[in-house]
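Participant: Got a predicted model here, sequence first, then my questions.
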Amino acid sequence: MQGERIVGGIACSAVLALLPEVVAGTVGANDRAKVELHLAGCSVCERFGGAYGATVRALRASANGEEDGAAKERLLARLAKLPARSATRE
Amino acid sequence: MTATDQHLAERVAAGDDAALRLLVDRYHAPLSRYATSLCGDAAAAEDAVQETFVALWQHAGDRREDGLLRPWLFAIARNATRRLFRRERPESAEPELVDGLGARAGWGNDTQLSSLERGLEDREEVRAALAGLAEADREILALVEVEGLSLEEAAIALVVSLPALKSRLHRARLRFMAAIGGGGPDAG
């Protein structure tokens, strides 16, 4: 990436690659320490990492909670017409 | 106490239609959202979801006993949606290096990140940006971010390895950031 730097012993591109694990909280202790040091000294990555986390949160909040009740009723009506299954186990 | 998916699947396999109804209550909405996100057509998505539950009724007993039901259902819905759209494979997202994607997503561009953050506050804008992505990106974001499947479940549903799933998810998130922030889905 143009303008990337090495801060805290790790390059900006390496921090970018680790962002998914940082957001998920699964990054290893060694990498986490390097990333934290990097973010403390690199405002570009700190800004981008914040936006990346905000993006994940916004996507998770974007689910439309409304259910199509009519479609569900049509599904149940179709399922009711299927042949009964005989029990296959005790 | 809420019955587990596995318990309900075993009851369906034994012919219990009340258990099937409970699984419809649990998964009709998520599967409908997922199928609609894949094809953008509510009617086709409804057909695909119907096929998914018919398959569950007919084949619940064929599933591996230790297999997870949720990714199995999403995989069936995915295949049914593709079949109804006569599409063998999802349109793939262009392969790009993460570095290039990061720049396109706004790394080092304060103006673009500000635009992204404004866009994230508007749920309709988020949905519109999602809908504009390539199908391969839409499906992974729909499964993991919107429907909340674990990475392991999503890898099963999409029939990919866990490392491949993680790589695809990261790229899909970056392309989404580019799309909503003004980096453009196809910008160089």
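Facilitator: Happy to help now that I have it.

Participant: check contacts around the spatially most central residue of chain A.
Facilitator: Central residue of chain A (Cα atoms, centre = their mean): A:V56, 5.2 Å from the mean position. When the contact criterion is Cβ atoms under 8 Å, 6 or more residues apart in numbering or on different chains, the partners of A:V56 are A:23, B:145, B:173. For the C-beta atoms, the positions are set from N, CA and C on the backbone; glycine is no exception.

Participant: Take the residues you listed and lay them out in a markdown table including secondary structure and pLDDT.
Facilitator: Output for the contacts of A:V56, formatted as a markdown table (DSSP: H, G, I helix; E, B strand; the rest coil; pLDDT from 0 to 100):
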| residue | secondary structure | pLDDT |
| --- | --- | --- |
| A:V23 | helix | 91 |
| B:E145 | helix | 94 |
| B:R173 | helix | 97 |
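
Participant: Dump those to TSV, plus neighbour count.
Facilitator: Formatted as TSV, these follow (neighbours: other Cβ atoms under 10 Å in any protein chain shown):
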residue	neighbour count
A:V23	17
B:E145	24
B:R173	24
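
Participant: Include distance to A:A51 when you put those residues into JSON lines, please.
Facilitator: Shown next, in JSON lines, are these (distance: Cβ to Cβ, whole Å):
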{"residue": "A:V23", "distance to A:A51": "11"}
{"residue": "B:E145", "distance to A:A51": "15"}
{"residue": "B:R173", "distance to A:A51": "11"}
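
Participant: one step back: would you mind measuring from the residue nearest to the centre of chain A to B:Q112?
Facilitator: 18 Å (Cβ to Cβ, to the nearest Å).

Participant: Now for A:G8, how many residues are close by?
Facilitator: 18 (other Cβ atoms under 10 Å in any protein chain shown).

Participant: Thought A:R32 was touching it, still the case?
Facilitator: No - when contacts are counted by Cβ atoms under 8 Å, A:G8 is not listed as touching A:R32 (11.2 Å).

Participant: so where do the strands sit in chain A?
Facilitator: For chain A, the strands defined by DSSP state E cover A:6-7, A:10-11.

Participant: Highest mean neighbour count across the ones you listed, which stretch is it?
Facilitator: Highest mean neighbour count among the strands of chain A (mean count of other Cβ atoms under 10 Å in any protein chain shown): strand A:10-11, with a mean of 18.

Participant: Partner strands of that one and their direction?
Facilitator: With DSSP bridges as the test, strand A:10-11 is paired with strand A:6-7 (antiparallel).

Participant: got a list of contacts for the strand it pairs with?
Facilitator: Counting by Cβ under 8 Å, 6+ apart, A:12, A:37-38, A:41-42, A:45 sit against strand A:6-7.

Participant: out of the contacts of A:V56, who's nearest A:R78?
Facilitator: Taking Cβ to Cβ as the measure, A:R78 lies nearest B:E145 of these, at 30.4 Å.

Participant: For the closest one, give its distance to A:N64.
Facilitator: Distance check for B:E145 against A:N64: by Cβ to Cβ, it reads 13 Å.

Participant: likewise B:D47?
Facilitator: B:D47 is 19 Å from A:N64, by Cβ to Cβ.
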